[in-house]
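>>> Structural data only, the sequence is not supplied:
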């Protein structure tokens with residue numbers, strides 16, 4: 001019997017409820033059955049996802065999708081409860097911060113031969129969902145580090161800036177200085193010291209990775225971390241970035257507080273998938289280009305999964321679950337609903353189809369990823385399960401450096417020593 005979708009408002013979040021005549025999946029051999037699917041996101045994401053699953057149900061006789069939607073806050077506590085209680089969803093949206101933990105516990109299905117067509121999916125992107133040579137998660141899409149810029153501020157400061165060319169960190173510092181000196185009250189750039197993905201990029205530019213392959217220790221050297229800290233502290237001391245007090249008051253997830261949004265800086269850094277959100281906040285022209293580099297030819301740039309799709313090990317309908325995941329990552333019909341909300345597709349044919357019809361912000365986001373594709377190196381190791389602890393440690397040490405409580409060299413030494421201790425504990 002087909003279920004009827006109903007809406008219930010609870011705790012300010014619209015959740016999806018379903019009226020069911022019965023429950024329980026069908027045989028894993030049939031490729032049909034009831035599928036529970038969990039994801040986090042905005043209400044807009046929820047709305048189009050439910051519509052997309054209705055279309056999937058209609059096209060796949062015998063498969064019924066039960067949506068489970070929550071916001072990011074509460075999603076992982078909900079997953080922990082469901083996995084721990086034996087009621088894990090068949091298919092779930094996965095994040096890189098949690099992937100290794102769930103894979104190590106044996107709660108996810110290996111996907112290489114599960115029934116998802118991997119042939120047209122970018123191999124470098126698939127590597128980001130692979131642990132110990134087993135594919136546990138397929139990226140819904142990818143994004144990359146981007147540098148955002150305000151063309152009006154640059155023009156007023158008399159900066160001749162070509163977003164289609166690349167620049168070194170030394171050249172970027174000169175541009176930041178020019179903005180600060182020529183536009184009173186505006187800083188050249190946001191301080192990127194506190195953004196760990198920025199250090200990851202800088203490490204790769206120095207021929208290193210942030211983490212060792214087994215993520216049991218850091219692979220980045222003290223010298224490289226010191227240079228990263230010194231570069232940004234120097235810009236802060238010269239007032240090319242906001243002061244430490246201002247940088248410390250803005251979380252990296254709070255883009256509405258970024259100085260570029262408030263017309264207080266010419267440059268800012270974030271993931272390219274956030275471009276649309278930036279544009280909605282500023283309501284003025286805003287550009288997006290590659291972050292600076294060392295100009296040494298190293299392939300520092302990398303593609304990061306926006307999020308993944310995984311299948312739980314306890315799914316009673318694994319073939320049906322694989323059909324759904326295949327639809328989500330390989331079908332142009334699905335991409336019409338998704339757009340770039342879950343990242344730029346890793347199926348190149350789907351990406352081309354989406355790009356042809358894309359306009360405005362979506363088109364710029366896709367074009368940027370196509371540019372990164374040409375220069376990206378091998379994907380870095382999957383983040384450790386202790387990522388949140390590493391982030392907390394890094395932010396604490398960065399503030400000590402920015403407020404000059406400790407030197408860049410001491411900050412680098414402390415970060416490496418304490419991070420390694422965290423990583424060795426697992």
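Yep, that arrived. A quick note: this is a predicted structure, and the numbers were derived from the prediction, not measured.

>>> all helices of the stretch 101-250 of the chain, in order?
Assignment of helices within the stretch 101-250 of the chain using DSSP state H, counting those that start in this stretch yields the ranges 123-126, 151-156, 169-182, 196-205, 222-237, 244-248.

>>> which one of those helices lies closest to residue 415?
Comparing the helices of the stretch 101-250 of the chain by their distance to residue 415 (C-beta to C-beta), the top pick is helix 222-237, with 6.1 Å. From N, CA and C alone the C-beta is placed, and that goes for glycine too.

>>> any idea of the angle the closest one forms with helix 196-205?
Angle between the axes of helix 222-237 and helix 196-205 is 130 degrees (criterion: axes from the mean of the first three to the mean of the last three C-alpha atoms, to 10 degrees).

>>> For helix 222-237, buried residues please.
For helix 222-237, the neighbour count (16 or more other C-beta atoms under 10 Å) marks 222, 224-233, 235-236 as buried.

>>> Grab the most central residue of this structure for me.
With distances taken as C-alpha atoms, centre = their mean, the chain has residue 306 as the residue nearest its mean C-alpha position (3.8 Å).

>>> Tell me where the stretch 1-150 of the chain has strands.
Taking DSSP state E, counting those that start in this stretch as the criterion, the stretch 1-150 of the chain carries its strands at 4-10, 13-19, 33-40, 63-70, 91-94, 130-131, 134-135, 138-143, 145-149.

>>> Adding distance to residue 77 and mean pLDDT, write the helices of the stretch 101-250 of the chain out as TSV.
Formatted as TSV, the helices of the stretch 101-250 of the chain follow (distance: least, C-beta to C-beta, whole Å; pLDDT from 0 to 100):
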stretch	distance to residue 77	mean pLDDT
helix 123-126	28	92
helix 151-156	42	98
helix 169-182	40	98
helix 196-205	23	98
helix 222-237	33	99
helix 244-248	28	95
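
>>> rewinding a little: quick one: what helix or strand has the residue nearest to the centre of the chain in it?
Taking DSSP states H and E as the criterion, residue 306 maps to strand 304-311.

>>> Neighbouring strands - and their directions - for that strand?
Based on DSSP bridges, the pairing partners of strand 304-311 within the sheet are strand 91-94 (antiparallel), strand 138-143 (antiparallel).

>>> Report the contact partners of residue 129.
Residue 129 makes contact with 99, 111, 135, 136, 137, 138, 139, 305, 308, 382 under the criterion C-beta atoms under 8 Å, 6 or more residues apart in numbering.

>>> The first one contacts residue 381, correct?
No - taking C-beta atoms under 8 Å as the contact criterion, residue 99 and residue 381 are not neighbours in contact, 11.3 Å apart.

>>> who has more neighbours, the two?
Set residue 99 next to residue 381 and count neighbours by other C-beta atoms under 10 Å: residue 99 wins out with 24 against 19.

>>> Just give the closest residue to that one, not the sequence neighbours.
The shortest distance from residue 99 to any residue other than its chain neighbours is 5.4 Å, reached at residue 137 (C-beta to C-beta, 6 or more residues apart in numbering).

>>> Could you report the distance from the one you found to residue 227?
When distances are taken as C-beta to C-beta, to the nearest Å, residue 137 and residue 227 turn out to be 33 Å apart.

>>> Likewise for residue 264?
The span separating residue 264 from residue 227 equals 27 Å under the rule C-beta to C-beta.

>>> how about the closest residue to residue 31 other than its chain neighbours, secondary structure?
For residue 31, the nearest residue in space outside its immediate sequence neighbours is residue 319; the separation is 4.1 Å by C-beta to C-beta, 6+ apart. In three-state terms, and counting by DSSP: H, G, I helix; E, B strand; the rest coil, residue 319 is helix.

>>> can you count the residues close to residue 319?
Using other C-beta under 10 Å as the criterion, residue 319 is surrounded by 19 other residues.

>>> Same question for residue 185.
For residue 185, the tally of surrounding residues (other C-beta under 10 Å) stands at 7.

>>> Could you count how many residues lie near the closest residue to it other than its chain neighbours?
Excluding its sequence neighbours, the residue lying closest to residue 185 (C-beta to C-beta, 6+ apart) is residue 264, at 7.5 Å. Neighbourhood size, residue 264 [other C-beta under 10 Å]: 17.

>>> how about residue 264, what does it touch?
Residue 264 sits next to 185, 186, 187, 242 when contact means C-beta under 8 Å, 6+ apart.

>>> can I assume the second one is in contact with residue 178?
No - contact status for residue 186 versus residue 178: not in contact, 11.0 Å apart, counting by C-beta under 8 Å.

>>> Identify the contacts common to the two.
Overlap between the contact sets of residue 186 and residue 178, as judged by C-beta under 8 Å, 6+ apart, is given by residue 157.

>>> on that earlier part again, I'd like the strands of the stretch 1-150 of the chain written out as CSV, with mean neighbour count and mean pLDDT added.
Formatted as CSV, the entries for the strands of the stretch 1-150 of the chain read as follows, by neighbours: other C-beta atoms under 10 Å; pLDDT from 0 to 100:
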stretch, mean neighbour count, mean pLDDT
strand 4-10, 10, 34
strand 13-19, 14, 37
strand 33-40, 22, 95
strand 63-70, 22, 95
strand 91-94, 26, 98
strand 130-131, 19, 95
strand 134-135, 18, 98
strand 138-143, 27, 97
strand 145-149, 23, 98
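
>>> okay, the ones you listed in JSON lines with distance to residue 56 next?
Rendered in JSON lines, the data for the strands of the stretch 1-150 of the chain read as follows (distance: least, C-beta to C-beta, whole Å):
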{"stretch": "strand 4-10", "distance to residue 56": "13"}
{"stretch": "strand 13-19", "distance to residue 56": "15"}
{"stretch": "strand 33-40", "distance to residue 56": "9"}
{"stretch": "strand 63-70", "distance to residue 56": "6"}
{"stretch": "strand 91-94", "distance to residue 56": "11"}
{"stretch": "strand 130-131", "distance to residue 56": "26"}
{"stretch": "strand 134-135", "distance to residue 56": "22"}
{"stretch": "strand 138-143", "distance to residue 56": "15"}
{"stretch": "strand 145-149", "distance to residue 56": "32"}
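
>>> nearest to residue 204, of the ones you listed?
strand 145-149 (10.6 Å).

>>> The closest one pairs with which strands?
Each strand paired with strand 145-149, and its direction, by DSSP bridges: strand 265-271 (antiparallel), strand 287-289 (antiparallel).

>>> Identify, out of those strands, the most deeply packed stretch.
For those, the stretch with the most neighbours on average is strand 265-271, a mean of 24; neighbours defined as mean count of other C-beta atoms under 10 Å.

>>> Brilliant, that's me finished.
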